[in-house]
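**Q** After the sequence you'll find the predicted model.
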Amino acid sequence: MNANPIKLLSRGLFGPVCDREIRVVSRRSSSYWVRALYVLGLAGISSLVYFAITVDIRFAGSGKASALQQLQMFAPTLGAFFAWFQFVIMCFVASTLTAGAICDERRKGSLSSLLATPLTPAQIVLGKFAGALVQIVILIAAGVPLLLAIRLFGGISPSFIVSSTCITVTTAMLHASISLAASARVRSSTMAASSGLATSVFWCFAPMILTLVLAIGSNGPRTMKLLPFSPYFSLGLETTSSLGAVNTPVFSANGWWWSVAYNGAGCALFLAIATWRFRKITLGGDVALPPKSKKKRAAALLPDGDKGASSRARDLSVWDDAMAWRELRQRVFIRPWHPWVAGIAAVALLAFAYWESGIQTIEIFFFASAVLLVVFYFQSALIASNSIAGERESRSLEVLLTTPLSARSIVRAKWIGALRRASPVFVFYLGITLVFAVLPGTFSFVVLVHLLLIAIPPVMFLIATGVWFSVVARRSPVAATLNLGLGVAIWIVFPAVFMACVAIASQIGHFPPPDEVFGIVAVWNPAPMVITAIQGADVSEASGFRWSPYRTFFDFNLWTFTLSSIAFCATYFVLTWVALRGAARSLAKRANRVR
C-alpha cells in the first residue's frame, strides 16, 4: 500500500476504477437522454421566462434605447433563475449518480471481484467519486454556454458566472461524496440517495440553523459570520448582488469562497467516511455474525428486512397475501435508533425555539412544516422506485414471477409497503402539529383534518407512479429520477409554464391577468393548499373559536375549503388508482402473464 497521499489521490482519481466508471456510464443511453433533456429543459425554460418578461418590451412600442435599457435589467433576472435552476438540478443529480456506486456492486455480486484487485479501498472510493464527478462537470459545462449567452444582453458580470459555477460544482461534489458514503452503508441505491440528499441538505443548512439558534431569545443575531459558509446563503447573496443589491458591510464581496471551502472540507470528510466504511467491507465487517438468541435466529431466517416479524412468523398472510405480509415488514430505517435520535433532536430544537420566542410564534411552525413536508414528499418520490427495479437488479424478479401471485397483487403489495416506509415522517409531523400547534391553542384542530386530506393523497400518487416507473425502468436510479421529475413537472414546471403563457397572452390579447387564473393550477398543488390550510387555521389573533379567513392564494371560508380539500383528495385517489392499474398492466405485459 502506497502511503504517499499525492500518489494515492492521483491514482484514485485517474485510476482504473475511474476509467471503468466513465466507460460504463458513457455507454448507457440514459446518460445521453439526461444530458439532452437537461440542456433542452434549460433552453426551454429560459426561453419561456425570456418571452414572459420581455413581452412588455415587444408590445409597448418603446424606442430602441428604452428597450435596450430594459433588456439590461432583464438579463440579471434570467441569469439568477438559470443559476438557481442549475444548482437545484445538480444537487439531485449528484446524489443519484453515486448512490449505487457500492451497494449496486454488492447487489450484482461483482464486489468480490473488485476487492480481489490490488487496488486499495481509498483508490476504489476515489475512482467511483471521480467517475461521477466527470458526469457532473459535463452537465454543468453544457449549461455554461447558455449562461454566457445571456451576458449578450448585458447586466451580468463575469464574477457572478464564476462564483455561481464554483458554488454549484462544489455543492454537487459534496452531495456526491455524502451519497457515496451512504452507498457503502446501505444495500439500496434509492435509500442511499434519499439519506444522502437529506444529510447533504442538513450539512448545507447547518450554518444557517446555528445562526438562527444563536439569535433566538436575543435582540439580534449574536454572530453572522457563519452564514457565508452555507452554499444556499452564498448563492443567494451572489444572486442579490447581481440583481443590483449592495452587499451588506458584514459580508465581503468574495464571501462565496467560504462556502466553497466549507463544501470542500465536507467532501473530504465524507470521502474519508466512505473509505473507512468500504475498508470495513474488505475486512469482513459487512458479514453479519450468527445471532445468539432464539428470537434473533428466527428473524435471521426471514427475508431481508423482515427482522422485526419473527414473533408473528406463523401468520404469513396479510389480507391472504404473502407478498403484502413481506412488504409490510420491510425495514424502515437503517438502524433502529436512527428515528429516535433524529426525533429527539428535532423536538428538542423546537422546544428550545418555542421556549425562547413564545408558543404563539407561528413562524416556527411554518418553518418546521416546510422542512418536514419537503422531506416527506422527496422521500415518497424515491422510496417506491426501488420496488420492482430493485427486484430486477437483485435477480429475484424471476423467482417472484414464478409464484401464483398476480401482477396486480405484486404491485399492490409494493405500493402498500412503500407507503408504510414513508409514513413515519408524516406521523412525526402530525405529532408536532398536535403538541406544538393545536394543544397550545395557536391553531385550530381542523388543521389536522385538512392536512390529512391534502398532504397524504399526493404522496400516495407519487408512490404509485414510483412503482410504475420501477416496472418500466431497468435501474432504480433511473426510476427515481423519472418519478421525482414527474413531481417537479406537475407541481413546479407546469404551473410556471402556465402562468408564463397566461402573462404573454394577457399582453397580446384580451385575456385575464395571471393573478385571476392562478387558482386554476394552484388548487391542485399541495404546497399552496397546505399553506392555505395552516394560515386559515391560525386562531392566535382571534378570540374564542372564530375561524380565520382562508385568504392566501385563494379566497375560501371554512366549509368551501373543506369541500375543496375533499375534492383534492378524491382526485388524487383516482390518479393513484390509474397509476397502480398502469403499473400492473406493464408488469403483466413484460412478464407475459395475467394481471
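**A** Nice, I can see it. Numbering: from 1, shown residues only.

**Q** quick one: contacts of stretch 161-174?
**A** If you take C-beta atoms under 8 Å, 6 or more residues apart in numbering as the criterion, stretch 161-174 is touched by 79, 83, 86-87, 90-91, 93-94, 133, 136-137, 140, 144, 147-148, 151, 200, 203-204, 231, 234-235, 238-239, 256, 259-260, 263-264, 266-267, 270. Every residue, glycine included, has its C-beta placed from N, CA and C.

**Q** Going through those, which ones are buried?
**A** Buried members of these, scored by 16 or more other C-beta atoms under 10 Å, are 79, 83, 86-87, 90-91, 93-94, 133, 136, 140, 147, 200, 203-204, 231, 234-235, 238-239, 256, 259-260, 263, 266-267, 270.

**Q** List the ones among those that fall in helices.
**A** 79, 83, 86-87, 90-91, 93-94, 133, 136, 140, 147, 200, 203-204, 231, 234-235, 238-239, 256, 259-260, 263, 266-267, 270 (DSSP state H).

**Q** Looks like Phe233 contacts Met208 (just checking).
**A** Yes - proximity of Phe233 to Met208 meets the contact threshold set by C-beta atoms under 8 Å, at 5.9 Å.

**Q** between these two, which one's more packed in?
**A** Taking neighbours as other C-beta atoms under 10 Å, Phe233 and Met208 compare with Phe233 leading, 23 against 15.

**Q** Rank the helices and strands of the chain by mean pLDDT and give me the bottom one.
**A** Lowest on mean pLDDT, DSSP states H and E among the helices and strands of the chain sits helix 294-300, with a mean of 42.

**Q** Which helix or strand contains the spatially most central residue of the chain?
**A** For the chain, the residue nearest the mean C-alpha position is Phe378 (4.4 Å; C-alpha atoms, centre = their mean). Per DSSP states H and E: Phe378 is located in helix 362-383.

**Q** Put the alpha carbons of that helix into PDB.
**A** In PDB, the C-alpha atoms belonging to helix 362-383 read as follows (Å, rounded to 0.1, in the frame of the first residue of the first chain):
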ATOM      1  CA  ILE A 362     -46.400  30.800  14.100                       C
ATOM      2  CA  GLU A 363     -43.300  31.300  12.000                       C
ATOM      3  CA  ILE A 364     -41.600  28.400  13.800                       C
ATOM      4  CA  PHE A 365     -44.400  26.100  12.900                       C
ATOM      5  CA  PHE A 366     -44.300  27.300   9.300                       C
ATOM      6  CA  PHE A 367     -40.600  26.600   9.000                       C
ATOM      7  CA  ALA A 368     -41.000  23.100  10.600                       C
ATOM      8  CA  SER A 369     -43.900  22.300   8.300                       C
ATOM      9  CA  ALA A 370     -41.900  23.300   5.200                       C
ATOM     10  CA  VAL A 371     -38.900  21.200   6.100                       C
ATOM     11  CA  LEU A 372     -40.800  18.100   7.200                       C
ATOM     12  CA  LEU A 373     -43.200  18.100   4.200                       C
ATOM     13  CA  VAL A 374     -40.400  18.600   1.700                       C
ATOM     14  CA  VAL A 375     -38.600  15.600   3.200                       C
ATOM     15  CA  PHE A 376     -41.900  13.600   3.200                       C
ATOM     16  CA  TYR A 377     -42.600  14.300  -0.500                       C
ATOM     17  CA  PHE A 378     -39.000  13.800  -1.600                       C
ATOM     18  CA  GLN A 379     -38.700  10.500   0.300                       C
ATOM     19  CA  SER A 380     -42.000   9.300  -1.100                       C
ATOM     20  CA  ALA A 381     -40.800  10.100  -4.700                       C
ATOM     21  CA  LEU A 382     -37.700   7.900  -4.200                       C
ATOM     22  CA  ILE A 383     -38.800   5.100  -1.800                       C
END
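
**Q** and after that helix, which helix or strand comes next?
**A** helix 387-393.

**Q** Packing partners of the next helix or strand after that next one?
**A** Next helix or strand after helix 387-393 toward the C-terminus (DSSP H and E): helix 397-401. For helix 397-401, the elements it packs on are helix 387-393, judged by 3 or more C-beta pairs under 8 Å, 6 or more residues apart in numbering; DSSP states H and E.

**Q** Just the C-alpha atoms of the helix it packs on, please, in PDB.
**A** Once non-C-alpha atoms are left out, helix 387-393 reads as follows in PDB (Å, rounded to 0.1, in the frame of the first residue of the first chain):
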ATOM      1  CA  SER A 387     -39.700  -1.800  -5.600                       C
ATOM      2  CA  ILE A 388     -39.700  -3.700  -8.900                       C
ATOM      3  CA  ALA A 389     -36.400  -2.400 -10.300                       C
ATOM      4  CA  GLY A 390     -34.700  -3.500  -7.100                       C
ATOM      5  CA  GLU A 391     -36.100  -7.000  -7.500                       C
ATOM      6  CA  ARG A 392     -34.800  -7.000 -11.100                       C
ATOM      7  CA  GLU A 393     -31.300  -5.700 -10.100                       C
END
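
**Q** Relative to the whole chain's centre, how far out is that helix?
**A** Taking C-alpha atoms, centre = their mean, to the nearest Å, one finds the center of helix 387-393 at 21 Å from the center of the full chain.

**Q** Rounded mean pLDDT for the helix or strand harbouring Ser179, please.
**A** Take DSSP H and E as the rule and Ser179 turns out to sit in helix 158-183. Average pLDDT, helix 158-183: 88.

**Q** Buried residues in that helix, which are they?
**A** In helix 158-183, residues buried by neighbour count (16+ other C-beta under 10 Å) are 160-161, 163-183.

**Q** Can you list the low-confidence ranges for the stretch 101-250 of the chain?
**A** By pLDDT under 70, the low-scoring segments of the stretch 101-250 of the chain are 153-155, 216-223, 244-250.

**Q** Distance of Phe82 relative to Phe160?
**A** Between Phe82 and Phe160 the computed distance is 11 Å (C-beta to C-beta, to the nearest Å).

**Q** could you measure Leu48 against Trp33, distance?
**A** Distance from Leu48 to Trp33, by C-beta to C-beta: 22 Å.

**Q** what about these two, which has more around it?
**A** Ranked by neighbour count (other C-beta under 10 Å), Leu48 and Trp33 place Leu48 first, with 16 against 11.

**Q** element containing that one, please.
**A** Per DSSP H and E: helix 29-53 holds Leu48.

**Q** Give the buried residues for that helix.
**A** Per 16+ other C-beta under 10 Å, helix 29-53 contains these buried residues: Val34, Tyr38, Gly41, Leu42, Ile45, Ser46, Leu48, Val49, Tyr50, Ala52, Ile53.

**Q** Pick the one among these closest to Gly100.
**A** Val34 (14.9 Å; C-beta to C-beta).

**Q** Distance check, the closest one against Ser110.
**A** Distance from Val34 to Ser110, by C-beta to C-beta: 24 Å.

**Q** likewise Ala479?
**A** As judged by C-beta to C-beta, Ala479 and Ser110 stand 21 Å apart.

**Q** Looking at the two, which is more packed in?
**A** With neighbours defined as other C-beta under 10 Å, Ala479 and Ser110 compare such that Ala479 has more, 28 against 11.

**Q** Isn't the more buried one up against Val472?
**A** Yes - counting by C-beta under 8 Å, Ala479 does reach Val472; the two are 7.4 Å apart.

**Q** Quick check: pLDDT value at the residue nearest to the centre of the chain.
**A** At Phe378, pLDDT is 81.

**Q** Pretty sure Lys108 sits against Glu393.
**A** Yes - contact criterion C-beta under 8 Å: Lys108 and Glu393 qualify, at 7.1 Å.

**Q** So for these two, which sits in the more crowded spot?
**A** Here Lys108 and Glu393 are compared on neighbour count by other C-beta under 10 Å; more neighbours surround Glu393, at 20 against 13.

**Q** Report the contact partners of that one.
**A** Neighbours of Glu393 in contact, by C-beta under 8 Å, 6+ apart: Asp104, Arg107, Lys108, Arg475, Ser476.

**Q** Show only the entries of the residues you listed found in helices.
**A** Asp104, Arg107, Lys108, Ser476.
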